[in-house]
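1. Output the structure for:
(one chain, ligands or ions: 1)
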Amino acid sequence: MTEYVIYGNRPLKGEVSISGAKNAAVAIIPAALLVNGKSRIDNIPEISDVSLMLDILRRVGADVRLINRSCVEIDCSNIYTTKAPYDLARMIRASYYMLGAMLGRFRSAQVALPGGCDLGVRPIDQHIKGFKALGANVDVQSGFVTAEAPDGLCGTSVYLDIVSVGATINIMLAAVLAEGMTVIENAAKEPHIVDVANFLNSMGANIIGAGTDVIKIRGVKKMTGGCYTIIPDQIEAGTYMAAAAAATGEVLIKNIIPKHLECITAKLTEMGVEITEYDDSLLVRSRLPFTKTNIKTLPYPGFPTDMQPQAAVLLCLAEGTSMITEGVWENRYRYVDELKRMGAQIQVDGKVAVIEGVKKLLGAPVRACDLRAGAALVVAGLAADGVTEVEDVSHIERGYENIVEKLSRLGAQITRMQMPDGKALAKAR
Ligand code: EPZ
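-> Residues are numbered from 1 along each chain as shown. As a prediction, this is how the structure comes out:
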């Protein structure tokens, strides 16, 4: 087991550069399957979810070549199966993009029902609704989704009953090579939706409206490979904003698109964090305590659910009582019991968390139960008095590139430790 040991209550100071967006990368990598040739993708984050997606592509026959740490070339000329490998696909939610991409190019796909963070029920009915509307037969059996369209896919209109990032992207992937025009209504508008559409357009697709709630995809006969650079990660940037605020000090968050962060900047400003915006960076300065603030998570451009746990840590350090309402996932408060071990006062009732601010958080051994929960515990550890040990950091490393190095360069005292078996066993007991 690997853990982070954090000696907290030290101001962060300096600059941090944000990596490529995880949730764009894990969609753009399978999107490369739509081309019978090579695509070069730059600004890929070095995280385990990306390695997994690249391995899935290798296992279906793609030739994946790392040009350097953040650039990859994917050649999909020799794909020999439309079945994603079960052992890998079940480990990562984004493996469901193999369905849209394979169906789009080969008219056939089979993928295990996806895994990923446990955030409550995670249905994919809207993805399936879209594939069926395009003319595919879709069958879910024994843990696998199989989609077949022997007569080809035909452009159509799909109204999403729920604003879904995954369904919006998956339907775009399936529709780019379909016959005629597909219209997705009530589409998600997240920055990575636009990034995937831009990637597809750079390869010859014809998509307009990405970033609005109506996306129109005119099917093309063929797409060709190209070069594309992924956008910076909105949530990684937001997490460093929260870390800089919680640990006080002064941090310049570089290589970002400030527009993508407006929903986060607005709430942090309401809490009393001082944020100065530049063309492609933000300067974050803060002093404790924060001002109590209410937050409701919503699809973009609302406050992102993927920043909810990190924001909760800041509200623990606010004067008075704040309220969070989770508007996207069923179960995104599993980190609360861990934060309580650090002295947080939080009551959860269904989708609402009521947070009573405390003067200080105190270091404690805690466990990362999912990616953003883990990031929030790191933020809490940086602000807390004493030592925080965050266990199960593999969750964190699914989505944050070099987090220990990046925080250390800002002056944090954080170490990545491989725990000896004995200690891990003792803790397990
Ligand atoms: C994406 O998940 C992200 N993952 C998540 O990020 C993020 O939390 C989420 O979007 C919301 O922003 C990736 O991009 C790989 P959804 P996704 O489909 O696409 C319901 C992180 O920490 N729904 O937008 O799976 C669903 O249950 C992760 O980086 C249906 O009911 O999310 C949820 O309540 C975790 N039917 C809501 O919609 C469907 O067919 C939004 O889900 C699909 C979704």
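
2. near the ligand, which residues of the stretch 251-400 of the chain show up?
-> Within the stretch 251-400 of the chain, the residues that sit near the ligand (Cβ under 6 Å from any ligand atom) are 305-306, 328-329, 371-372, 399. From N, CA and C alone the C-beta is placed, and that goes for glycine too.

3. Give me the subset of those residues lying in helices.
-> 371-372 (DSSP state H).

4. Dump the residues of the stretch 251-400 of the chain next to the ligand to JSON lines, plus neighbour count and pLDDT.
-> Shown next, in JSON lines, are those (neighbours: other Cβ atoms under 10 Å; pLDDT from 0 to 100):
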{"residue": "Thr305", "neighbour count": "18", "pLDDT": "98"}
{"residue": "Asp306", "neighbour count": "26", "pLDDT": "98"}
{"residue": "Val328", "neighbour count": "22", "pLDDT": "95"}
{"residue": "Trp329", "neighbour count": "18", "pLDDT": "92"}
{"residue": "Leu371", "neighbour count": "24", "pLDDT": "96"}
{"residue": "Arg372", "neighbour count": "27", "pLDDT": "97"}
{"residue": "Gly399", "neighbour count": "28", "pLDDT": "97"}
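
5. Quick check: the farthest pair among the residues of the stretch 251-400 of the chain next to the ligand?
-> With Cβ to Cβ as the measure, no two of those lie farther apart than Val328 and Gly399, at 16.7 Å.

6. how much space is there between Arg90 and the ligand?
-> 14 Å (Cβ to the nearest ligand atom, to the nearest Å).

7. Use 27 as the first number from now on
-> Yep, numbering from 27; the last one is Arg116 now.

8. wait, that residue sits on Met124?
-> No. Arg116 lies out of contact with Met124 (Cβ atoms under 8 Å); the separation is 11.9 Å.

9. The two: which is more packed in?
-> Set side by side, Arg116 and Met124 show more neighbours around Met124, with 29 against 18, by other Cβ atoms under 10 Å.

10. so who does the more buried one touch?
-> By Cβ atoms under 8 Å, 6 or more residues apart in numbering, the contact set of Met124 is 56, 59, 82, 86, 110, 115, 135, 137.

11. switch to 6 Å and redo it
-> Met124 is in contact with 56, 110, 137, counting by Cβ atoms under 6 Å, 6 or more residues apart in numbering.

12. in the stretch 327-455 of the chain, what spans have low per-residue confidence?
-> 447-455 (pLDDT under 70).

13. Work out for me the element the residue of the chain found nearest the ligand sits within.
-> At 2.8 Å from the ligand, Gly192 is the closest residue in the chain, using Cβ to the nearest ligand atom. If you go by DSSP states H and E, Gly192 is part of helix 191-201.

14. What residues sit buried inside the helix or strand just after that helix?
-> The C-terminal neighbour of helix 191-201 among helices and strands, as given by DSSP H and E, is strand 207-211. Across strand 207-211, burial judged by 16 or more other Cβ atoms under 10 Å covers 208-210.

15. Strand 207-211 packs against which elements?
-> Packing partners of strand 207-211 (3 or more Cβ pairs under 6 Å, 6 or more residues apart in numbering; DSSP states H and E): strand 183-185, strand 240-244.

16. Could you export the ones you listed as TSV, including mean neighbour count, mean pLDDT and distance to Leu403?
-> Listed next are the helices and strands packed on strand 207-211 as TSV, based on neighbours: other Cβ atoms under 10 Å; pLDDT from 0 to 100; distance: least, Cβ to Cβ, whole Å:
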stretch	mean neighbour count	mean pLDDT	distance to Leu403
strand 183-185	16	98	39
strand 240-244	20	98	36
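
17. got those as CSV, with distance to the ligand columns?
-> Shown next, in CSV, are those (distance: least, Cβ to the nearest ligand atom, whole Å):
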stretch, distance to the ligand
strand 183-185, 12
strand 240-244, 14
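
18. measure Ala50 to Val31 for me?
-> 32 Å (Cβ to Cβ, to the nearest Å).

19. Neighbour count: the two, which is higher?
-> The neighbour count for Ala50 versus Val31, taken as other Cβ under 10 Å, is higher for Ala50 (30 against 17).

20. Thought His218 was touching that one, still the case?
-> Yes. Under the criterion of Cβ atoms under 6 Å, Ala50 makes contact with His218 at 3.8 Å.

21. what do these two both touch?
-> By Cβ under 6 Å, 6+ apart, no residue touches both Ala50 and His218.

22. can you pull out the strands in the stretch 77-226 of the chain?
-> 89-94, 97-101, 134-138, 163-167, 170-174, 183-185, 207-211 (DSSP state E, counting those that start in this stretch).

23. Pick the most buried one from those.
-> Of these, the one with the most neighbours on average (mean count of other Cβ atoms under 10 Å) is strand 134-138, at a mean of 22.
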